[in-house]
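Colleague: Starting from these lines, generate the structure:
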Amino acid sequence: MTKKNAATKSEFPQFVVSEKESGERLDKFLQGKLKDFSRTDIQKLIADGAVLAGGSVAKKNLRLNEGVAVTLSALPEKESSELKPEKMKLNIVYEDDDVAVIFKPRGVVVHPGNGAATGTLAAGLLYYFKDKLSTVNGPLRPGIVHRLDKDTPGLMVVAKNDKAHRHLAHQLETRTLHRKYEALIWGHPRDLSGEIELPVGRDPKSRIRMAVVKNGKYAKTRYKAKEFFAIATLMEYELDTGRTHQIRVHSRFTGHPIVGDPIYEGREASLSRVPPLYHDTAEELLKMAPAQFLQAVEITFMHPTKRKKMTFSVPLEKPFEQAVKFLEKECLQTAPTFDADTSFRDFTETEINNPYLEEEIEDEEEYPYEEEPVKERLTRAERYEMKKERRKKRKEIEAEKREKKERKAAEKRGEAYVPKTDVVTGYEPTIDPSYLE
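Modeller: Okay, here's the model as predicted:
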């Protein structure tokens, strides 16, 4: 939102791009000039058409050339930066003069933003610690060094002064602050330990989702399988980077969404891949999941002043722990199985594949001295059978899609879904007795 006055343009700043600044993006260029405003404020100003570059309305990603005049016809209107303290029950695991380690419960937003103005963890911290929090991230994020998703409970470290904050932030940047998570995923990973190294960015088709995209930010997740069940696996994850929804996106991309995840197909979308024998078990498991079964269970960092490594861990929250015990009772496995008839069915190749990550593959040149194989022509009967098989498969896919659509419509209306069948119950063909005489 911008604040426009009836004043002349000369009252607002005007800048000329120097040789050193040539090639910079417009929003980054203005951020260096207007230090009292955030990059978000500047981007809103550009989006409102209040910034001219070379006499034309410019976009935020415009690359500037040397000598171009950048003119503003308005200044950003700074939003309220006041955070009101709110009384909140905090689960403090450790506290001293520099840091505090707390357990964030499920359902609590870390700091204001995206429509969450009240009830945030930041407001609770401000009420409890008062002015004994770092100010590095601004007045709306006092003491906040890193964050967790709203429905992801777990451990967080809070900085109580600016020096401690910068030290912890440096550890995050250099990947010496370690965070371990536990999650319950559908199915079994093909490798029982390893790394997922795929770029994560905003999903082009949905603004509330992230996805593995070709031009996303570098993201790396280490994983290890801890316990196996017939339809799920208890996993341990360790983050090398901290991208938004990183574990959830990487798990979904590998074909194993986190159980209960409402955004990344961890709920009803995964039920269709559970064998009929375990369908009731899977439905009961979903009823126990308030959201995704994912928790930050351990954090390790170097203390800013004591200069010693500190590690803190917590047990699984009650719903998560109950879900694990339920699976141990109902379908515990000593080793994973990849039999489609007895275990969780993997995504097909087309479901796992992400079009945003595709790259063109150049055809290799044929070996010049290799004879081309003789092409065998199919008979008319073979071609007919192949065509019939394709038609049958297409009908099955269409029927499956139609059933999913009808199931969702029934759930939306609050009705129980009853699948349609071609067989009429209780109907038996009869023969006129006179023909039997």
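Colleague: contacts, neighbours, all on C-alpha from now
Modeller: Noted.
Colleague: and the longest helix that the chain contains, how far out from the chain's middle?
Modeller: Scanning the chain for the longest helix, with DSSP state H as the assignment, gives helix 380-413. Chain-centre distance of helix 380-413: 31 Å, with C-alpha atoms, centre = their mean, to the nearest Å.
Colleague: I'd like the average pLDDT over it.
Modeller: Helix 380-413 comes out with an average pLDDT of 85.
Colleague: do the same with stretch 204-217
Modeller: Stretch 204-217 comes out at a mean pLDDT of 87.
Colleague: Flag every buried residue along that stretch.
Modeller: For stretch 204-217, burial by neighbour count (16 or more other C-alpha atoms under 10 Å) applies to 210, 211, 212, 213, 214, 216.
Colleague: can you pull the contacts of residue 158?
Modeller: 99, 100, 101, 102, 143, 144, 145, 165 (C-alpha atoms under 8 Å, 6 or more residues apart in numbering).
Colleague: got it, and residue 315?
Modeller: residue 297.
Colleague: rerun that using 10 Å as the cut-off
Modeller: Taking C-alpha atoms under 10 Å, 6 or more residues apart in numbering, we find residue 315 in contact with 154, 295, 296, 297, 298, 321.
Colleague: Check it and give its pLDDT.
Modeller: 95.
Colleague: taking the contacts of residue 315 one by one, which sit in helices?
Modeller: With DSSP H as the criterion, helices contain residue 321 from among those.
Colleague: The contacts of residue 315: which two are farthest apart?
Modeller: Between any two of those, the greatest separation by C-alpha to C-alpha is 15.8 Å, found for 298 and 321.
Colleague: Looking at the two, which is more packed in?
Modeller: In this view residue 298 and residue 321 are compared by other C-alpha atoms under 10 Å, and residue 298 has more residues nearby, 19 against 12.
Colleague: that older thread, going by distance to residue 130, which of the contacts of residue 315 wins?
Modeller: Looking across the contacts of residue 315 and measuring by C-alpha to C-alpha, the closest to residue 130 is residue 154, at 22.8 Å.
Colleague: Quickly list what that closest one is bridged to.
Modeller: residue 104, residue 296 (DSSP bridges).
Colleague: close enough to count as contact, it and residue 316?
Modeller: Yes - under the criterion of C-alpha atoms under 10 Å, residue 154 makes contact with residue 316 at 8.8 Å.
Colleague: quick one, which of the two is more surrounded?
Modeller: Under the criterion of other C-alpha under 10 Å, the comparison of residue 154 against residue 316 puts residue 154 first, with 27 against 19.
Colleague: ok so, going back, find the residues that touch each one of residue 154 and residue 316.
Modeller: With C-alpha under 10 Å, 6+ apart, residue 154 and residue 316 have common neighbours 182, 294, 295, 296, 297.
Colleague: Among those, which one has the most neighbours?
Modeller: residue 294 (30 neighbours).
Colleague: Now that residue: closest residue in space that isn't a chain neighbour?
Modeller: Nearest residue to residue 294, sequence neighbours excluded (C-alpha to C-alpha, 6 or more residues apart in numbering): residue 183, at 4.3 Å.
Colleague: Tell me which other helices or strands the one helix or strand the one you found maps to touches.
Modeller: Per DSSP states H and E, residue 183 falls inside strand 178-186. Judged by 3 or more C-alpha pairs under 10 Å, 6 or more residues apart in numbering; DSSP states H and E, the packing partners of strand 178-186 are strand 154-159, helix 162-173, strand 220-229, strand 232-239, helix 246-253, strand 294-302, strand 309-313, helix 318-331.
Colleague: and residue 171, what does it touch?
Modeller: 165, 177, 178, 301, 302, 304.
Colleague: Thought residue 168 was touching the fourth one, still the case?
Modeller: Going back to what we said before, that points to residue 301. Yes - between residue 301 and residue 168 there is a contact under C-alpha under 10 Å: 7.7 Å.
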